[in-house]
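J.: One predicted model, sequence on top.
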Amino acid sequence: MKLHCEVEVVSRHLPALGLKGRGKGTRAVLTLCPPLHRSPPLSRVGAERGDPHSAYLCVATLKDKRGTRYKLKENIEQFFTKFVDEGKATVRLQEPSVDICLSKANSSSLKGFLSALRLAHKGCAVDALLSTQTSVKTSEFEKFKTKMVITSKKDYPLGKNFPYTLEHLQASYCGLVQFDTRILYLKNLRKLDLSHNHIKKLPDRIGDLIYLQELNLSDNHLDSFSVALCESTLRKSLKSLDLSKNKIKALPLQFCQLRELTDLKLDDNKLIRLPFKIGQLKNLRFLSAARNNLPFLPSEFKNLSLDYLDLFGNTFEHPDVLPVIKLQVPLTLLESSARTMLSNRIPYDPHVIPFHLCHDLDAAKTCDCGRLCLNSFIQGITTMNLHSIAHTVVLLDNVDGTQAPVSSYFCSLTCYVNSSDMLK
């Protein structure tokens, strides 16, 4: 029985000596093996002459293919398996006093291997699982492939799975018409590039790729980016997203939950609006949404702080348009209650108030004075200099210089009149 993963062996004596481990694993092959029938070398820590039917854990690396052996029978102090579904676990031994930290393992293989270790610890017969090899072959370590680049349809693997150890996968110009669900099992994936294909829809389970930092879906046939993806674990991991050259008309309100985004490319789509809470993307530094159908920018766009901004080729409206007045005097009970909840940051969820009210509160408009409003407001088009939020700005083609129209909201007539950007 074998397990391919990364291993770090940490001595529990290190903290007492004021030291700590490297914190980085080494590619290794773990096997269950029988005890040595002769006195082992001193370098084989934990190996000793013993019960011929007992099993030992052998940790072999590329530098030490014969491996280090550890006794298992009545020698495992504890298993740490909280993150076993992520391919991580730790086996704590009594003698020697070490923690064997496993990571980047196939989760199903890891669970099976841990079950075998438990049996060996209890002294159960595991002869059928023992490996008779005295050393691990170099070819075993070649299975630890972390990067795969495919740039033609003929090279795309159909008859075999992707190596589960992949951290970077590029499959471009492969003619894919749908997302390959085998990719969802690559739990260590950091970078995924499926550009220049014909993919029309993304599965919600992409959020299962908990380490995914870069996602390139440019030049496909996507017409949406689902709410489920915005609410998945991508919120904590995704830093770079390329959706350029697709057919997307709008991004959902929940898109702004992807708070770790630093780079966002939306060029050459059919966007008629940007998420109006886009100002919540505090980490965003690169934004490109050229050649779309944006008539104006959302009011919270002014809250961004960018290094680079490109909005070239959009159909921006002229700011001299009449405002939309939806003021309610006096305020309705719903409006007054909503403003109170939002201004006092009172938490809410569908278990407390109806779902549709949660959605309305999530979509509340921000007045230039900072207050929030629900259905009572004045909406108009103001202008802003894009250099006020971005260091480098690509000039707009159909408005003057770097001045862009912004859809602004005012919670009252007083705010509308007193606004420094008062409408003409």
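T.: Cool, the structure landed.
J.: Check which helix or strand Ser232 maps to.
T.: For Ser232, there is no enclosing helix or strand under DSSP states H and E.
J.: count of neighbours near Glu74?
T.: The local packing of Glu74 (other C-beta atoms under 10 Å) involves 12 other residues. To be clear about C-beta, it is placed using only N, CA and C from the backbone, and glycine gets the same treatment.
J.: so who does it touch?
T.: With contact taken as C-beta atoms under 8 Å, 6 or more residues apart in numbering, Glu74 is in contact with 121-123.
J.: Just the buried ones among the residues you listed, please.
T.: Of the members of the contacts of Glu74, the ones counted as buried by neighbours, 16 or more other C-beta atoms under 10 Å, are His121.
J.: among the contacts of Glu74, which are in strands?
T.: When those are checked against strands (DSSP state E), there are no matches.
J.: and of the contacts of Glu74, the nearest to Ser218?
T.: His121 (50.8 Å; C-beta to C-beta).
J.: Find the nearest non-adjacent residue to that closest one, please.
T.: Counting by C-beta to C-beta, 6 or more residues apart in numbering, Ile76 is the residue found nearest to His121 once chain neighbours are left out, at 4.2 Å.
J.: was I right about that neighbour contacting Ala89?
T.: No - because the distance of 11.9 Å does not satisfy C-beta atoms under 8 Å, Ile76 is recorded as not touching Ala89.
J.: quick one: which of the two has more around it?
T.: Per other C-beta under 10 Å, whichever of Ile76 and Ala89 has more neighbours is Ala89, with 23 against 20.
J.: Just to check, that one is in contact with Ser115?
T.: No - counting by C-beta under 8 Å, Ala89 sits too far from Ser115 to count as a contact (11.4 Å).
J.: Show the pLDDT at Gly313.
T.: The predicted local distance difference test score for Gly313 is 90.
J.: who touches it in this structure?
T.: Residues 290-292, 397 are the ones in contact with Gly313 under the rule C-beta under 8 Å, 6+ apart.
J.: can you do 10 Å?
T.: Applying C-beta atoms under 10 Å, 6 or more residues apart in numbering to Gly313 gives the contacts 267-268, 289-294, 394, 396-398.
J.: Which ones among these map onto helices?
T.: When the contacts of Gly313 are checked against helices using DSSP state H, none is located there.
J.: now the helices: where do they sit in the chain?
T.: Taking DSSP H to define them, one finds helices in the chain at 107-121, 138-141, 227-230, 234-237, 333-343, 355-362, 413-418.
J.: Which of these has the lowest mean pLDDT?
T.: helix 138-141 (a mean of 74).
J.: In it, which residues are buried?
T.: Taking 16+ other C-beta under 10 Å as the criterion, helix 138-141 shows 140-141 as buried.
J.: same check, this time on stretch 83-91
T.: Taking 16+ other C-beta under 10 Å as the basis for neighbour counts, the residues of stretch 83-91 that come out buried are 84, 86-91.
J.: just how off-centre is it within its chain?
T.: Its chain's C-alpha centre lies 19 Å from the corresponding centre of stretch 83-91 when counted by C-alpha atoms, centre = their mean, to the nearest Å.
J.: what about it, average pLDDT?
T.: For stretch 83-91, the mean confidence score works out to 91.
J.: about what we covered before: mind listing which of the buried residues of stretch 83-91 are in strands?
T.: The members of the buried residues of stretch 83-91 that map onto strands under DSSP E are 89-91.
J.: Overlap of the contact sets of Ile76 and Ala89?
T.: When contacts are counted by C-beta under 10 Å, 6+ apart, Ile76 and Ala89 have 100, 117 as shared neighbours.
J.: Of the contacts of Glu74, which is the nearest to Cys411?
T.: The shortest distance between Cys411 and any of these, using C-beta to C-beta, involves His121 and amounts to 66.1 Å.
J.: thought Asn283 was touching Cys256?
T.: No - at 11.6 Å, Asn283 does not count as touching Cys256 under the criterion of C-beta atoms under 10 Å.
J.: And those two? Which one has more around it.
T.: Shown here are Asn283 and Cys256; by other C-beta under 10 Å, Cys256 has more neighbours (21 against 12).
J.: Would you state the strands of the stretch 151-300 of the chain in chain order?
T.: Taking DSSP state E, counting those that start in this stretch as the criterion, the stretch 151-300 of the chain contains strands spanning 168-171, 191-193, 214-216, 240-242, 263-265, 286-288.
J.: If the residue nearest to Val394 when sequence neighbours are not counted is in a bridge, with which residues?
T.: Counting by C-beta to C-beta, 6+ apart, Val394 lies nearest to Asp310, which is 4.1 Å off, once chain neighbours are set aside. Residues found in beta-bridge contact with Asp310 (criterion: DSSP bridges) are Ser288, Val394.
J.: Distance of Asn314 relative to Leu274?
T.: Here Asn314 is placed at a distance of 10 Å from Leu274 (C-beta to C-beta, to the nearest Å).
J.: overlap in contacts of those two?
T.: Common neighbours of Asn314 and Leu274, using C-beta under 10 Å, 6+ apart, are 289, 292, 294, 296-297.
J.: Could you export those to CSV, including columns for distance to Met148 and pLDDT?
T.: CSV is the format used below for the shared contacts of Asn314 and Leu274 (distance: C-beta to C-beta, whole Å; pLDDT from 0 to 100):
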residue, distance to Met148, pLDDT
Ala289, 31, 96
Asn292, 33, 95
Leu294, 37, 94
Phe296, 43, 92
Leu297, 39, 94
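J.: Tell me the one among those nearest to Ile210.
T.: Using C-beta to C-beta as the measure, the one of the shared contacts of Asn314 and Leu274 that approaches Ile210 most closely is Ala289, at 27.9 Å.
J.: I'd assumed Asp268 was in contact with that closest one.
T.: Yes - using C-beta under 10 Å, Ala289 and Asp268 qualify as a contacting pair, with a distance of 9.5 Å.
J.: What residues sit buried inside stretch 411-419?
T.: For stretch 411-419, by 16+ other C-beta under 10 Å, it's 411-412, 415-416, 419.
J.: Show me which of those is closest to Phe355.
T.: Using C-beta to C-beta, Cys411 is the member of these that lies nearest Phe355, at 24.9 Å.
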